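Student: Starting from these lines, generate the structure:
(one chain, ligands or ions: 2)
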Amino acid sequence: MSPAGPDGIAAPQGIAAPEGVAGNTRAVEDGVRTDFRDRMSYGSYLHLPELLGAQHPLSAPEHHDEMLFIIQHQTSELWLKLVLHELRSACTALREDDLKVALKNIARVKHIQRTLTEQWSVLATLTPTEYSQFRGFLANSSGFQSHQYRAVEFLLGNKNADMLAVFAHDEAVHAELAGLLAAPSLYDEFLRLLARRGHPVPGDVLERDVTKAHTPDPRITAVFSTIYSEARTYWEEYEACEELVDLEDNFQLWRFRHLKTVERTIGFKHGTGGSSGASFLAKALQLTFFPELFAVRTEIGV
Ligand code: HEM
Ligand SMILES: N[C@@H](CC(=O)c1ccccc1NC=O)C(=O)O
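Tutor: Ligands and ions are numbered 1, 2, ... in the order given. The predicted structure is shown next:
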């Protein structure tokens, strides 16, 4: 005989309710803390009042889908904050010849990138009609003004001093980005590490003007050629090269999904930030952080 549930219906045979889960309801255990007047709680530790109080749709009357738009951006910014934290750590680790730590940081960044790229599918549920109903309320604000995104681009080596102008209104952010512009990128740090390990990275590359984007150099491709053809000897370097390729690949996938989401949402309209829109974004797909890591592939097996 199977025991009768609260509504008198017998539970199916063979599915015995575990202790404390009668009636498909989990009993709260006696030890569970419930008084948080004088204890730190989940919400206070995570500052949830601030976090969850920071969604302020501007549309009037409020458009249902503006909440999606805001949360999509805010979650992206939170992940970007962690990406920056990890990339800064990776740069420091490389500077200190701690390749293992840098690789650990990069591994985490790769997972975040996947989440960020996956997340586009949520925004893709926003139809052009829905977006057009509140787009006007965004005025001239645009993702182009995301300082964390720009910081990630700079850290990875897509340096461009012209990107600083939109941050002139915010002294602290402007100073932060100017600092990153003037600092060696992840790739600069990697090439410096390779030089310290005895790889023939030319001096003029090591002392280049790091405020500019790195431009492809066949002498660096030759360094990678050796690493790839003698992978067993240079295993750590080889592994690091492949991790950087994954990083760039993931970054390009995010850019591509952004572009495609933009095309399906606003077509070929100009952007709220003042650019030509999709065609401006498409140009970013031609950029590369680590050109020689792709150039070396042409030489492999020939
Ligand atoms: C319906 C959704 C979206 C549309 C229509 C859109 C559109 C655009 C457009 C047209 C630009 C070019 C700059 C301009 O003139 O405004 C841009 C740039 C940008 N957007 Fe979005 N965007 C959307 C969602 C997002 C989301 C969710 C993020 C995540 C943070 C984002 C981040 C960025 C960034 C970082 C840039 C600068 C890209 C670069 O410099 O290459 N956008 N967006
Ligand atoms: N540039 C977008 C507006 C936009 O997407 C946006 C506006 C405010 C804050 C973040 C945004 N996201 C990415 O650009 C547009 O032209 O519709």
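Student: tell me the contacts of the residue lying closest to Phe167 once chain neighbours are set aside?
Tutor: Take Phe167 and drop its neighbours on the chain: the residue closest to it by C-beta to C-beta, 6 or more residues apart in numbering is His174, 4.4 Å away. C-beta: built from backbone N, CA, C; applies to glycine. Residues near His174 by C-beta atoms under 8 Å, 6 or more residues apart in numbering: Leu164, Phe167, Ala168.
Student: quick check: mean pLDDT across the helix or strand containing His174?
Tutor: Assigned by DSSP states H and E, His174 belongs to helix 171-182. Summarised as a single mean, pLDDT over helix 171-182 is 98.
Student: And the next helix or strand past that helix?
Tutor: Past helix 171-182, the next helix or strand by DSSP H and E is helix 186-196.
Student: Report the buried residues of that next one.
Tutor: Leu186, Tyr187, Asp188, Glu189, Phe190, Leu191, Arg192, Leu193, Leu194, Ala195 (16 or more other C-beta atoms under 10 Å).
Student: model confidence over that helix, on average?
Tutor: For helix 186-196, the per-residue pLDDT averages 98.
Student: and what of stretch 268-283?
Tutor: pLDDT averaged over stretch 268-283 gives 98.
Student: quick revisit: next one: the helix holding His174 to chain centre, how far?
Tutor: Centroid displacement of helix 171-182 relative to its chain, using C-alpha atoms, centre = their mean, to the nearest Å, is 19 Å.
Student: Count the neighbours of the closest residue to ligand 2 within the chain for me.
Tutor: The minimum distance from the chain to ligand 2, using C-beta to the nearest ligand atom, falls at Gly143 (2.7 Å). The number of residues packed near Gly143 is 15, by other C-beta atoms under 10 Å.
Student: Contacts only, for it.
Tutor: Contact analysis of Gly143 by C-beta under 8 Å, 6+ apart lists His73, Tyr149, His258, Gly273.
Student: on that earlier part again, what is the nearest of the contacts of His174 to Gln113?
Tutor: For those, the minimum distance to Gln113 (C-beta to C-beta) is 23.6 Å, reached by Phe167.
Student: Settle this for me: the closest one is touching His147, isn't it.
Tutor: Yes - counting by C-beta atoms under 8 Å, Phe167 touches His147, with 5.9 Å between them.
Student: tell me, what's touching these two both at once?
Tutor: Counting by C-beta under 8 Å, 6+ apart, the residues touching both Phe167 and His147 are Val173, Leu177.
Student: interface residues of this structure facing ligand 1?
Tutor: Contacts of the chain with ligand 1, taken as C-beta under 6 Å from any ligand atom, map to 72-73, 76, 123, 126, 131, 142-144, 146, 149, 258, 261-262, 265-266, 271-275, 277, 280-281, 284.
Student: mind running it again at 5 Å?
Tutor: 72, 76, 142-144, 146, 149, 262, 265-266, 271-273, 275, 277, 284 (C-beta under 5 Å from any ligand atom).
Student: Just the buried subset of the residues you listed, please.
Tutor: Gln72, Ser76, Phe144, Ser146, Tyr149, Val262, Thr265, Ile266, Gly271, Thr272, Gly277.
Student: and those, which of them are in strands?
Tutor: Residues of these located in strands (DSSP state E): none.
Student: Which ones among those map onto helices?
Tutor: Using DSSP state H, the subset of those located in helices is Gln72, Ser76, Tyr149, Val262, Thr265, Ile266.
Student: SS state for the closest residue to the fifth one other than its chain neighbours?
Tutor: Closest residue in space to Thr265, ignoring its immediate chain neighbours: Tyr131 at 5.1 Å, by C-beta to C-beta, 6+ apart. Using DSSP: H, G, I helix; E, B strand; the rest coil, the structure places Tyr131 in helix.
Student: what's near enough to touch Tyr131?
Tutor: Tyr131 neighbours (C-beta under 8 Å, 6+ apart): Asp65, Phe69, Thr265, Ile266.
Student: Leu94 now?
Tutor: Counting by C-beta under 8 Å, 6+ apart, Leu94 makes contact with Ala102, Leu186, Glu189, Phe190, Arg192, Leu193.
Student: that older thread, looking at the residue of the chain closest to ligand 2 now. What's its pLDDT?
Tutor: Listed pLDDT for Gly143 reads 98.
Student: go on, Gly53?
Tutor: If you check Gly53, the pLDDT there is 98.
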